[in-house]
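*Asks:* Give me a 3D structure for the following:
(chains A and B)
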Amino acid sequence: AAGVIQSPRHLIKEKRETATLKCYPIPRHDTVYWYQQGPGQDPQFLISFYEKMQSDKGSIPDRFSAQQFSDYHSELNMSSLELGDSALYFCASSLGPGTSGDTGELFFGEGSRLTVL
Amino acid sequence: GQSLEQPSEVTAVEGAIVQINCTYQTSGFYGLSWYQQHDGGAPTFLSYNALDGLEETGRFSSFLSRSDSYGYLLLQELQMKDSASYFCAVEGRRALTFGSGTRLQVQP
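*Replies:* Now for the predicted structure:
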C-alpha cells in the first residue's frame, strides 16, 4: 500500500541558507501535517493543511512557510536556517480535517533529516 | 492549550506486562492516541480511544477515562522488539499534540 513519501530523506545546509522539504500524502488523503522532532524530543506540530488551505498552525517560526498544492502534495520552506533547526521533519496525512475517522490515525512519512552546520 | 504528561522511562523484562500512563489537559477533546517510535524511525499508530473504556489490539491495549483526563497503554508479553518510545497524543481543537514520550527498554 502507498505510504506518505517525503523528500529528501537527508539534507545538509549551512547557517542562513534555505531548504525545502516535500511531502506526498497517501492517495485520497486531503489533510497534511508537518511536525518537527529534535533529538530526544517529542514531535512538535508546525502546521497543517486541509483541502489546500491552512487549517491549523503550531509552533512554526516566521522563517518557515508551507503550502499544499492542487495535487495535495505539500512543501515546507525554511529560510535563514539556524543551528537549532537541525531536526527530523515528519509529514503525516489523514482523511478529512481531523484524524482518520474513528481510527484517530495519522500516517507518517519516514521523515527528512535536516542538519544545519 | 494542551499538555500531556507521561513517564520518561520504563524498563521491563521479556514476557512481562507494562503499563504506560498518560494524563492530559486540553481545550476540546476528541480522542487519545498512542504511537510507537523506534530510534530514527517514524511514529506508527498503535491505538485510539474516543470513548471511555478499554480498546484491545493484540498484545496492546489502551484505556481512557475522560472524566479523569487519563489514559494508559498496556503492553503484554513484552518482546525485545517492543523497545521503543511510546507517545500519547491528544486530538483536541487543534492538530494532534504529542506527549514527551516514554522510552521503554525491554531486557532479556
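*Asks:* Indicate each strand paired with the worst-scoring helix or strand of chain A on mean pLDDT and its parallel or antiparallel sense.
*Replies:* Within chain A, judged by mean pLDDT, DSSP states H and E, the helix or strand with the poorest mean is strand A:53-57; its value is a mean of 88. Note on strand A:53-57: by DSSP bridges, its sheet partners are strand A:44-50 (antiparallel).
*Asks:* which residues are contacting the partner strand?
*Replies:* Contacts with strand A:44-50, where a contact means CB atoms under 8 Å, 6 or more residues apart in numbering or on different chains, come from A:30-38, A:54-60, A:64, A:66-68, A:74, A:76, A:96-97, B:94-98. Heads up, the C-betas are built off the backbone N, CA and C, glycines and all.
*Asks:* show me the contacts for the residue sitting nearest the centre point of chain A.
*Replies:* Nearest residue to the geometric centre of chain A (CA atoms, centre = their mean): residue A:34, 2.8 Å. Taking CB under 8 Å, 6+ apart, we find residue A:34 in contact with A:23, A:45-48, A:60, A:66, A:74, A:76, A:89-91.
*Asks:* Try it again at 6 Å.
*Replies:* By CB atoms under 6 Å, 6 or more residues apart in numbering or on different chains, the residues touching residue A:34 are A:46-47, A:76, A:91.
*Asks:* Ok, residue B:24 next?
*Replies:* B:4, B:69, B:90.
*Asks:* a markdown table please, covering those and showing pLDDT, distance to residue B:36 and neighbour count.
*Replies:* Shown next, in a markdown table, are the contacts of residue B:24 (pLDDT from 0 to 100; distance: CB to CB, whole Å; neighbours: other CB atoms under 10 Å in any protein chain shown):
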| residue | pLDDT | distance to residue B:36 | neighbour count |
| --- | --- | --- | --- |
| B:4 | 92 | 16 | 22 |
| B:69 | 96 | 22 | 16 |
| B:90 | 90 | 17 | 24 |
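*Asks:* Show me which of the residues you listed is closest to chain A.
*Replies:* Chain A lies nearest to residue B:4 out of the contacts of residue B:24, by CB to the nearest CB, at 8.7 Å.
*Asks:* Model confidence at residue A:2, what's the number?
*Replies:* At residue A:2, the pLDDT value in this model is 81.
*Asks:* who wins for neighbours among the contacts of residue A:34?
*Replies:* Counting neighbours by other CB atoms under 10 Å in any protein chain shown, residue A:91 leads those with 31 neighbours.
*Asks:* where's the residue nearest to it when sequence neighbours are not counted, which helix or strand?
*Replies:* Excluding its sequence neighbours, the residue lying closest to residue A:91 (CB to CB, 6 or more residues apart in numbering or on different chains) is residue A:23, at 3.3 Å. According to DSSP states H and E, residue A:23 maps onto strand A:19-24.
*Asks:* Many thanks, I have nothing further to ask.
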